[in-house]
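Student: Got a predicted model here, sequence first, then my questions.
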Amino acid sequence: MLHIKCPHCGLRSQNEFSYGGDATVKRPALNKEISNQEWDNFVYLRKSPRGKHLELWQHISGCRQWIKIERDTLTHEIFKTLKGNEEL
Amino acid sequence: MSESFRLKQGGLINRNKKISFKFNGKKYFGYEGDTLASALIANGVHLVGRSFKYHRPRGFFGAGVDEPYAIVQMNRNNEVDPNVRATEQELFEGLEAKSVNCWPNVDFDIGAINNFLNKFFPAGFYYKTFMWPKSFWYKFYEPIIRKAAGFGAASIKRDKERYEHKYEYCDLLIAGSGPSGLASAYAAAQNGAKVILAEDKSRFGGSLLTSEVTIGNQSGKEWSEKIISELKSMPNVTVKNRSQVFGYYDHNMLVMSERVSDHLPRTEKYIPKQRLWYIRAKQVIISSGSIERPLVFGNNDVPGVMLSSAAKEYLKVYGVLVGKKPIIFTNNDSGYETAIEFKKNGVDPIILDTRKEANSEIIKEAKELNINIKFSYVVAAAKGYKKVNSANIAKISDDKKSITNIENIKCDCICVSGFWTPTIHLASQSGNKTKFNEEIDAFIPSQSKQKETTLGAANGVFTLEETLNSSFKKGSELSKEITNKENKVSVPTVVEKKSSNHDKFWCVPLPEGKNYKRFLDFQNDVTVSDIQLALREGYRSIEHVKRYTTLGMATDQGRTSNLNGLQLVSDIENKVVPQVGHTTFRPPYSPVSIGAIVGREIGKHSKPTRKSPMHYWHEKNNAVFVDAGVWLRPRYYKQGNENLFEASKREAKNVRQNVGVCDVTTLGKIDIKGPDAAELLNRVYTNAWLKLPVGKARYGVMLREDGIVMDDGTTTRISENHYHMTTTTAQAANVLSHLEYYLQLVWPELNVNVVSSTEQWAGAAIAGPKSREVLQKLFPDLDVSSEGLPFMGYIEGNLFGINAKIFRISFSGELAYEINVESDNGNFMWEKIMDIGKEFNIQPYGTEALSTLRIEMGHVAGSELDGRTIPYDNSLEGLVSKKKDFIGKRSLSKSAYLEEDRQKVVGVVPLDKKTSIPEGSYIVKDAKAKLPNPKLGHVSASCWSVEYDNPFSLAIIKDGKNMIGQKLFAMSPLKNKTIPVEIVSSHYVDPKGERVRS
Ligand SMILES: [Zn+2]
């Protein structure tokens, strides 16, 4: 079980969090004309890297904040945790 | 039977407390402090089981967790416990155990015929033999193998025992209480660190219990007792025996199973049988010691052949002789310690040492005791079937390739010592890249991946002095880094006998013309010839050899077999062991009972049960409950002998004719506040929200970004910047996370706060033509006329002194209201409604009637919003704004979503107006078409229409909009039903929606 350092609450066990996918995906702005391809990229296409991955987690049983975690998908090492509005 | 193998004195057992127990139905005696194994050996019982594949007689090989054979079925306090190691099970009064893996009994086992048919059981036997024909596997091979193989039989009854989970944090977790564990724990404790010291066995001290050493001015055992009692008295130290750290997981989390009550005749009330500890440790010290390695020779599995260290432990801890005519077969000095112990207790051993010559203090002592020592000697084969009765011993050539001078000598046990294998399982599990140490011919930990340190014998350090020095030092260093305190402890002086080098020899060559089975893996019956065969057949990777032969794949994880297997592979392949590499160790180190893994999360405790404030009223009024998400909701209220069908029909009819009341507390509720609340709703819902006036509710549908409907519900504008959102019961948590996601990450510029208020409000839906009259009487001061409180209107009122929110919304299609009060007042509200509604024939209705009412109205719900449908499919396209953007809108222009014959919800009525259509049925054009019959869609929900008194269903079918009026078939292969049906509008009752607006 991972030990995740929530930037708001401190170190907590993984079972307080829920996973939220790739944090580098940016939702296209509302009302913006975009191609089918761009939209599909946003909705469906995700990389599945072996190694470092910046991902979203929500501290659902804690502060309920969405946070970003830079994690190694192979070793589970966590390099950094960030608040939702912070960039790497 | 008398205890003829028990010494008159000695051992750590309590000779004042005699204990009676039964094994295979026969009564025996032992002492408090015995294990089942030591007590059986004391009684001369060595035959305890049959081997896995060949069903050969098996006895005891080890004295603890290293035991591969002696697995028994326990019967404790009328509960069955399969696969318990007799070497670990402590004796208690009335213990009952029996052998496993033998039928009809251990003395006469039909499966033993496999031993004589062994030509048919080569390596990879299962893969080769049972592959063809495929259909035979299920019908023939598999059931027979299942019956003949396997270990104990699990009970089919529910386990009444209690198991618990515990979460713990500490600075240092120390696994193993031998010399390295004690020393490092002591040093760390002195520095004020929070320490957990775990010992697998009941007694602390590890090897100190059986070794002849002096620490300071005390014996090893006395020193260990002193350290333990000091540790126990310290508030920062937790000392746990009978506790196995079995798994090392990510981020320094380890799991330990504590056998709290297994050594007692029964589990006391409020005490668990076992407890699983989830421990997050800042640092881990692995002091798990080492396990003696067997030597491989012919028939080395006969009962009476065992590890020399085990024989010594039975002598020193339990005062039990494993034999009275022992052969000690060794390649190192450890065997001599066992021999000396025998000799001291009046038994004459003979030592066969594979080495040409060797000299050390221990060997000198053995010589002085006049022990018969034969150098360059080996056991070629053990003789005897159910118990060893003699051995063919032989002289081995200097190059170890051939044996000569074979002679048979009498013996009743053969104690083998092939040097020591460090127990590196935990280190390996943690991700440590282990390395091969040529000096000890075994793997030891090297580069740590997590915060772990391996000390003592587990690290390949086999002298006590070095072990204590390094352990005191490491314990102090690691704890100092955490506590910033340093209290120096002085390292005591150690007196121990020095050993000479071991012989790099493990496998005795076969005598000319003999084909003895030489076992490597004792639990899985893997022999030397199996490995040879696998290599001949081209398997090279050790992982493949392992899977093909099952070497090391048994429940003992190859504790006694791995290294001998690797040595053999490397010998045959002419490689060195590190090139071959060892297989991966995975948790658990030793088997963990399923009960312990599950813990208290069984039955009702597997998830929380949420009850509405009116729950006890429902209970008192004969509600039959149903699980709705985590909630319990009344499904129907039983009157007299009514069944579900009759009761729900009555309840639904009463709503259509008079008035009913339904507990809707479980609906998800989210409180939304802030100047941008309307903007948020406008982006989340598919319809327009910017112009909703205060005091009005609106129905909304929200999508995922892929255009699929996520949830629906009504949201009410309570005041300028305050909205009250409702969600379905099932989606409440997801919708909240969804809103938080967009507010925190996507549109942080929106000034809005959202919070769940589901449990803050109790809700009652009053529905039916007479609902307004009930409402008027509940709130005599309010204008609840159609003008005062129009459809989708909202007002606040005073319900006999308590504040209430009144929403004119409807799920049933009837004139209806929902009243919300603070949860604490829920029951008060409910009783008032029932009381006042009496004169209007009010009746409570449950989820079944609720379903009926919504289905015949054509209101979609969870069974249609099933994560596969878009608004159009649910006939909700009218709610999709063309003007504004919202979550998921861009996906709705996908070509697949715009196809002319896109699926759509429709109504389905059986032509005979009698036969109910099972939910999940397929809708097909031709009931007799060849399979696979192309399906148009499926029936999502079914009810008995109370309006028309015939069955009615909703279905989602291809080209639904053009199917109205068609005669099709509903087919349920599961229920073997084919029902001719007509497709009708999904709005079966009141299609214009006049009632809700009345
Ligand atoms: Zn947090």
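Tutor: Looks like it came in fine.
Student: tell me which residues form a beta bridge with the residue nearest the centre of chain A?
Tutor: Geometric centre of chain A, nearest residue: residue A:56, 1.6 Å, by C-alpha atoms, centre = their mean. With DSSP bridges as the criterion, residue A:56 is bridged to residue A:68.
Student: Now for it: which residues touch it?
Tutor: A:19-23, A:66-69, A:84, B:745 (C-beta atoms under 8 Å, 6 or more residues apart in numbering or on different chains). Where you see a C-beta, it was placed from the backbone N, CA and C, and this is true even at glycine.
Student: What of residue B:314?
Tutor: B:38, B:41, B:63, B:320-322.
Student: Residue B:599 versus residue B:257, what's the distance?
Tutor: Look at residue B:257 and residue B:599: by C-beta to C-beta, to the nearest Å, they are 11 Å apart.
Student: Residues in contact with both of the two, list them for me.
Tutor: residue B:276.
Student: okay, now the residue nearest to residue B:916 when sequence neighbours are not counted: neighbour count?
Tutor: Spatial nearest neighbour of residue B:916, chain neighbours left out: residue B:951 (4.4 Å); criterion: C-beta to C-beta, 6 or more residues apart in numbering or on different chains. Number of residues near residue B:951 (other C-beta atoms under 10 Å in any protein chain shown) recorded here: 20.
Student: which residues does residue B:951 contact?
Tutor: Residues in contact with residue B:951 (C-beta under 8 Å, 6+ apart) are B:909-910, B:913-917, B:942-945.
Student: go on, residue B:486?
Tutor: Listed by C-beta under 8 Å, 6+ apart, the contact partners of residue B:486 are B:191, B:476, B:480.
Student: ranking the residues you listed by neighbours, who comes first?
Tutor: Those, ranked by neighbours (other C-beta under 10 Å): first place residue B:191, 25 neighbours.
Student: can you tell me how far that one sits from residue B:732?
Tutor: 49 Å.
Student: before we move on, back to that, pick out the one among the contacts of residue B:314 with the largest number of neighbours.
Tutor: residue B:41 (33 neighbours).
Student: picking that back up, between residue B:257 and residue B:599, which one's more packed in?
Tutor: residue B:257 (26 against 17).
Student: Tell me how far that one lies from residue B:173.
Tutor: Taken as C-beta to C-beta, the span from residue B:257 to residue B:173 is 14 Å.
Student: one step back: Provide a ChimeraX selection command restricted to the buried entries of the contacts of residue A:56.
Tutor: Restricted to buried positions by 16 or more other C-beta atoms under 10 Å in any protein chain shown, the ChimeraX selection for the contacts of residue A:56 reads:
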select /A:20,23,66,67,68,69,84 /B:745
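Student: mind putting the contacts of residue A:56 in a markdown table, pLDDT, distance to the ion and secondary structure included?
Tutor: Shown next, in a markdown table, are the contacts of residue A:56 (pLDDT from 0 to 100; distance: C-beta to the ion, whole Å; DSSP: H, G, I helix; E, B strand; the rest coil):
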| residue | pLDDT | distance to the ion | secondary structure |
| --- | --- | --- | --- |
| A:19 | 97 | 15 | strand |
| A:20 | 96 | 14 | strand |
| A:21 | 96 | 18 | strand |
| A:22 | 96 | 20 | strand |
| A:23 | 97 | 16 | coil |
| A:66 | 98 | 10 | strand |
| A:67 | 98 | 7 | strand |
| A:68 | 98 | 13 | strand |
| A:69 | 98 | 12 | strand |
| A:84 | 96 | 11 | coil |
| B:745 | 97 | 15 | helix |
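Student: Only alpha carbons, please: show stretch B:912-921 as CSV.
Tutor: Provided in CSV are the C-alpha atoms of stretch B:912-921 (Å, rounded to 0.1, in the frame of the first residue of the first chain):
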residue,chain,number,x,y,z
ASP,B,912,-51.1,-11.9,-24.0
LYS,B,913,-51.1,-9.1,-21.4
LYS,B,914,-50.3,-11.7,-18.8
THR,B,915,-46.7,-12.9,-19.1
SER,B,916,-44.2,-10.8,-17.2
ILE,B,917,-41.0,-10.2,-19.2
PRO,B,918,-37.8,-11.0,-17.3
GLU,B,919,-35.4,-8.0,-17.0
GLY,B,920,-32.4,-8.6,-19.2
SER,B,921,-34.4,-10.4,-21.9
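Student: how about the residue in chain A positioned nearest to chain B, what does it touch?
Tutor: Of the residues in chain A, the one nearest chain B is residue A:3, at a distance of 3.9 Å by C-beta to the nearest C-beta. Counting by C-beta under 8 Å, 6+ apart, residue A:3 touches A:11-14, A:78, B:250-253, B:280.
Student: now swap in residue B:735 and tell me
Tutor: Applying C-beta under 8 Å, 6+ apart, the residues near residue B:735 are B:668, B:670, B:702, B:710-711, B:725, B:727.
Student: Among the contacts of residue B:486, which lie within strands?
Tutor: Among the contacts of residue B:486, no residue falls in strands (DSSP state E).
Student: Is it possible to get JSON lines of these that adds distance to the ion and pLDDT?
Tutor: Listed next are those as JSON lines, based on distance: C-beta to the ion, whole Å; pLDDT from 0 to 100:
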{"residue": "B:191", "distance to the ion": "32", "pLDDT": "98"}
{"residue": "B:476", "distance to the ion": "35", "pLDDT": "98"}
{"residue": "B:480", "distance to the ion": "31", "pLDDT": "98"}
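Student: Strands along the stretch 851-998 of chain B, start to end?
Tutor: Taking DSSP state E, counting those that start in this stretch as the criterion, the stretch 851-998 of chain B carries its strands at B:904-910, B:922-924, B:937-945, B:950-957, B:967-972, B:977-984.
Student: which of those sits most buried?
Tutor: Comparing those by mean neighbour count (mean count of other C-beta atoms under 10 Å in any protein chain shown), strand B:950-957 ranks first with a mean of 25.
Student: measure the residue located most distally from the centre of chain A to residue B:520 for me?
Tutor: Within chain A, the residue lying farthest from the chain centre (C-alpha atoms, centre = their mean) is residue A:33, at 26.1 Å. The gap separating residue A:33 from residue B:520 is 70 Å, by C-beta to C-beta.
Student: Contact residues of chain A facing chain B?
Tutor: A:1-3, A:13, A:18, A:20, A:27-28, A:30-31, A:34, A:36, A:39, A:42-44, A:56, A:58, A:60, A:64-66, A:75-76, A:78, A:84-85 (C-beta under 8 Å from any C-beta of the partner chain).
Student: From these, list the buried ones, please.
Tutor: A:2, A:13, A:20, A:28, A:39, A:42-43, A:56, A:58, A:60, A:64-66, A:78, A:84.
Student: Check these against residue B:79 and report the nearest one.
Tutor: Nearest to residue B:79 among those is residue A:13, at 32.1 Å by C-beta to C-beta.
Student: quick one, what contacts the closest residue to the closest one other than its chain neighbours?
Tutor: Excluding its sequence neighbours, the residue lying closest to residue A:13 (C-beta to C-beta, 6+ apart) is residue A:1, at 5.6 Å. Neighbour list for residue A:1: A:13-15, B:249-251, B:253, B:278 [criterion: C-beta under 8 Å, 6+ apart].
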